[in-house]
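Below: sequence and its predicted model.
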Amino acid sequence: MKIAKTVGALALAVALTAPAAASAQTRSPLQVVVYNMKKAVGTIRVAVCTIQTFLKDCPYEGTAPATMPTTTVTVNNLPPGTYAAQVFQDVNDNHKVDRSPLGIPKEGVGFSNDAPIRLAPPKFKDAAFEHGDEPQTIQIQLRYFSIPLP
């Protein structure tokens, strides 16, 4: 009888931890193909954000040297969910978007779904996409607003 209880308790423990182990294994890569660069200079930086982190410090990131005509950046281990990606070409590798005195980006920037950038960054809902448990590829176009690249 003790063995049956022990086996039953062990089976219950395995059943309760199996979903957590399975969800940890469902993380998959997101490849972001960035296009419309003016020059192959600096680094392409991609941040993948939740609604809470959009336009802030995002939890998932990837980088690659800028190449022409496209640069592919891989963000590894992305769990399934709803995200928005933001990208910029860090021409001088200072890890931030350089801006004019008016706040206009001096470097190429873009968002998933090629969400429109008008007088302000897009809203999360315009850039949002679903990421599942399979590898995925999206494309983002860089846009330039003011000062040309050196």
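Perfect, I can see it now. Residues are numbered from 1 along each chain as shown.

roughly how far out does stretch 50-58 sit from the chain middle?
10 Å (CA atoms, centre = their mean, to the nearest Å).

now do stretch 48-63
6 Å.

Any idea how far apart the tips of that stretch sit?
One end of stretch 48-63 sits 12 Å from the other (CA to CA, to the nearest Å).

Mind listing residues that contact that stretch?
Applying CB atoms under 8 Å, 6 or more residues apart in numbering, the contact partners of stretch 48-63 are 30, 32, 43-47, 73-78, 81-86, 121, 124, 127-128. Using the backbone N, CA and C atoms, a C-beta is placed for each residue, glycine as well.

Next, count neighbours for residue 86.
Around residue 86 there are 23 other residues, counting by other CB atoms under 10 Å.

Start at 56, not 1
Sounds good: first residue 56 from here, last item residue 141.

Paired strands for the helix or strand harbouring it, with orientation please.
Residue 141 belongs to strand 136-145 when elements are defined using DSSP states H and E. Here strand 136-145 is paired, per DSSP bridges, with strand 98-104 (antiparallel), strand 164-166 (antiparallel), strand 183-186 (antiparallel).
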